[in-house]
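Colleague: quick one: sequence plus predicted model below, questions after.
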Amino acid sequence: MPENEYTGSIEFAVRDYECDIQGVVNNANYQHYLEHARHEFLLSKGISFSQLHEEGIDLIVTKVEIDYKYPLRSHDKFVVRTGLLREGNVRLVFVQDIYRIPDEKLVVKARVTGAATRKGRPVPPGDLVARLGLSE
């Protein structure tokens with residue numbers, strides 16, 4: 001995704017315990033980074049998971065695609081940049097890329113597809129679309 005299409009970003013630093021015996025971030029930890037960045041992105045738009053749940057709407061992940069491009073190591077600083085696309089009537093796709101700081105080396109390219117559900121059934125995201133700045 002071109003940088004001007006990202007609508008959110010958050011910086012992190014790698015912690016020692018996130019690395020494996022090879023000294024690089026374990027692949028599973030990238031999903032934690034991406035998830036935290038999505039939650040912060042939603043909060044920046046005034047959307048709270050707990051509030052949505054109380055309203056009867058749950059946001060769920062239905063698919064995760066990650067291309068690992070370059071490893072992060074202990075104490076590396078990095079940024080997760082997030083953009084959002086609408087796909088069909090019920091799916092939202094978070095396009096998330098991770099870049100090492102300060103050299104902007106691309107580390108991960110990811111697409112995380114999700115849906116809004118009510119009582120376990122997919123529903124159109126409704127007013128979430130407007131709140132997220134997407135067109136109907």
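Modeller: Happy to help now that I have it. Residues are numbered from 1 along each chain as shown.

Colleague: all strands for the chain, in order.
Modeller: Across the chain, reading from the start of the chain, the strands by DSSP state E fall at 8-13, 58-68, 77-87, 91-101, 106-118, 121-123.

Colleague: the closest residue to Ile47 other than its chain neighbours and Ala116, how far apart?
Modeller: For Ile47, the nearest residue in space outside its immediate sequence neighbours is Arg131; the separation is 6.0 Å by Cβ to Cβ, 6 or more residues apart in numbering. Every residue, glycine included, has its C-beta placed from N, CA and C. Using Cβ to Cβ, to the nearest Å, Arg131 is found at 12 Å from Ala116.

Colleague: quick one: which of the two has more around it?
Modeller: The neighbour count for Arg131 versus Ala116, taken as other Cβ atoms under 10 Å, is higher for Ala116 (20 against 13).

Colleague: that one bridge partners, please.
Modeller: Partner residues in beta bridges with Ala116, using DSSP bridges, are Leu59, Val123.

Colleague: now the longest helix seen in the chain: buried residues?
Modeller: When the chain is parsed with DSSP state H, its longest helix is helix 27-44. For helix 27-44, the buried set under the neighbour-count rule, 16 or more other Cβ atoms under 10 Å, comprises 29-30, 33-35, 37-38, 41-42.

Colleague: repeat for stretch 71-87
Modeller: Buried residues in stretch 71-87, counting neighbours by 16+ other Cβ under 10 Å, are found at 71-72, 76, 78-84.

Colleague: one step back: JSON lines for the strands of the chain, including mean pLDDT and distance to Phe49?
Modeller: Output for those, formatted as JSON lines (pLDDT from 0 to 100; distance: least, Cβ to Cβ, whole Å):
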{"stretch": "strand 8-13", "mean pLDDT": "96", "distance to Phe49": "16"}
{"stretch": "strand 58-68", "mean pLDDT": "95", "distance to Phe49": "7"}
{"stretch": "strand 77-87", "mean pLDDT": "94", "distance to Phe49": "16"}
{"stretch": "strand 91-101", "mean pLDDT": "96", "distance to Phe49": "14"}
{"stretch": "strand 106-118", "mean pLDDT": "95", "distance to Phe49": "11"}
{"stretch": "strand 121-123", "mean pLDDT": "88", "distance to Phe49": "16"}
